[in-house]
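Visitor: Structure for the following, please:
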Amino acid sequence: MSWNPKGWKHGHTGLVDGKVVMTPTYSSWNSMKIRCADKSRAAYGGKGIKVCERWLGRDGFQHFLEDMGERPEGCTLGRKKNHLGYSKSNCGWETKEQQYSNQTSNRNITVFGETLTLAEACRKYGKVNVNTARCRVRRGMNPEMAITTSAASYHRWTTEASLYQECRHRDVNYSTIVNRIKRGLTREQAFAAPGGCL
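Guide: Prediction:
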């Protein structure tokens with residue numbers, strides 16, 4: 001293999017065995033430009049996300065390299081604020097976990113006094129994976145409970161939640177029904193018993 005940077009002033013692209021190759025840093029810069037120029041990409045060009053003027057044109061890559069430095073291994077180019085474009089002040093080299101946490105589809109939650117994405121909260125405090133926690137939060141469970149409740153405890157919670165909903169629907173006191181069930185009545189018997197019984 002021979003590296004031939006002839007005609008490439010920055011040395012980040014060249015010909016290897018007759019094929020154009022790019023360094024990871026150049027590849028990230030090039031991919032960024034392509035994403036933003038493509039109007040069919042809803043999250044980039046189609047959304048109006050642009051690359052700053054400094055990173056475009058003849059010296060664009062050189063300026064990008066000055067501003068961002070070489071791409072660290074295991075990282076990709078990410079934006080801190082997804083509604084803004086690509087520029088030195090809004091970009092950084094990020095791990096996959098950091099990129100995932102910065103997606104617009106993520107929701108921030110407050111757990112144990114900290115505001116984190118659901119994924120971050122699951123990694124830090126969770127007993128369940130992020131998809132399980134997301135489903136639980138959508139169903140109305142408190143975020144702290146959603147990430148720390150085991151599967152067995154969650155089954156009890158959903159049973160209690162549905163019992164509470166049924167009590168509200170029937171206009172019956174929830175505590176009364178729970179006490180009847182604790183005394184050995186089935187759910188159906190607890191609802192059928194007259195108000196003054198037990």
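Visitor: which residues of the protein score low on pLDDT?
Guide: Counting by pLDDT under 70, the chain shows low-confidence ranges at 1-10, 100-106, 152-161, 195-198.
Visitor: give me that answer again for 50
Guide: Within the chain, the stretches with pLDDT under 50 are 1-5, 7, 196-198.
Visitor: residue boundaries of the helices in it?
Guide: Using DSSP state H, the helices of the chain run over residues 24-37, 60-68, 96-101, 118-125, 130-138, 143-148, 151-170, 174-182, 187-192.
Visitor: Let me know which of these is the nearest to residue 49.
Guide: Of all the helices of the chain, helix 24-37 sits nearest to residue 49, with 5.5 Å by CB to CB. C-beta: built from backbone N, CA, C; applies to glycine.
Visitor: Which secondary structure elements does that closest one sit against?
Guide: Applying 3 or more CB pairs under 8 Å, 6 or more residues apart in numbering; DSSP states H and E, one finds that helix 24-37 contacts helix 60-68, strand 76-79.
Visitor: Check which helices and strands the first one sits against.
Guide: Spelled out, it's helix 60-68. Using 3+ CB pairs under 8 Å, 6+ apart, the elements in contact with helix 60-68 are helix 24-37, strand 91-94.
Visitor: can you list the domains in this protein?
Guide: By the assignment in automatic domain parsing, the chain contains the domains 3-105, 151-192.
Visitor: start to end distance for the last one?
Guide: Taking CA to CA, to the nearest Å, the first and last residues of domain 151-192 lie 31 Å apart.
Visitor: For the helices and strands packed on helix 60-68, please prepare JSON lines with the additional fields distance to residue 118 and mean neighbour count.
Guide: Shown next, in JSON lines, are the helices and strands packed on helix 60-68 (distance: least, CB to CB, whole Å; neighbours: other CB atoms under 10 Å):
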{"stretch": "helix 24-37", "distance to residue 118": "26", "mean neighbour count": "17"}
{"stretch": "strand 91-94", "distance to residue 118": "18", "mean neighbour count": "18"}
